[in-house]
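S.K.: Quick one, what's the 3D model for this:
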Amino acid sequence: MRILIATLLATAGMFSPLNSWAQSADVEATIKAVDAKKMNFTLDDGKTYKVPEEFNFEGLKAGVKVLVFYTVQDGNRVVNDLEIVQ
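M.R.: Sure thing, here's the model as predicted:
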């Protein structure tokens, strides 16, 4: 049983560095454009952020300041969370 547990821990340890590549980042900026059909928006820094299908665009329009939490997946910035800054 100890050998099995040791093997599982060693295997988990080998794959743990892979999780570090998907770290979250955040940015505070103003929305430049919203495209609900393409499921993304562009900030005033010129970068485009994709959102999940269930994302609610209510209240988001050009000129709104937001705090965006995102991860980079396959070269795309994918939104994890978004807050409107007052």
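S.K.: C-alpha from now on. contacts and neighbour counts both.
M.R.: Will do.
S.K.: Not counting its neighbours along the chain, what's nearest the most centrally placed residue in the chain?
M.R.: Per C-alpha atoms, centre = their mean, the C-alpha nearest to the average position across the chain is that of Y70, at 2.3 Å. Excluding the flanking residues, the one nearest Y70 by C-alpha to C-alpha, 6 or more residues apart in numbering is V79, at 4.3 Å.
S.K.: what's the helix or strand hosting that neighbour packed up against?
M.R.: Using DSSP states H and E, V79 falls within strand 76-84. If you count contacts as 3 or more C-alpha pairs under 8 Å, 6 or more residues apart in numbering; DSSP states H and E, strand 76-84 packs onto strand 48-50, strand 65-73.
S.K.: which residues touch the residue lying closest to D35 once chain neighbours are set aside?
M.R.: When the adjacent residues along the chain are set aside, D35 lies closest to F41, with 5.7 Å between them (C-alpha to C-alpha, 6+ apart). Shown in contact with F41 (C-alpha atoms under 8 Å, 6 or more residues apart in numbering): I31, K32, A33, V34, D35, T48, Y49, K50.
S.K.: now for the residues you listed, which pair is the farthest apart?
M.R.: Spatially, the most separated pair among the contacts of F41 is K32 and K50, at 14.1 Å (C-alpha to C-alpha).
S.K.: hmm, back to that, the contacts of F41, buried ones only, as a PyMOL selection?
M.R.: Buried subset of these, written as a PyMOL selection, criterion 16 or more other C-alpha atoms under 10 Å:
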select buried, resi 31+32+33+34+48+49+50
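S.K.: Tell me, please, where in the protein the pLDDT is lower than the cut-off.
M.R.: 1-22 (pLDDT under 70).
S.K.: I would like the residues contacting the lengthiest strand in the chain, please.
M.R.: Selection of the longest strand in the chain by residue count, based on DSSP state E, yields strand 25-35. With contacts defined as C-alpha under 8 Å, 6+ apart, strand 25-35 is touched by 40-45, 60-71.
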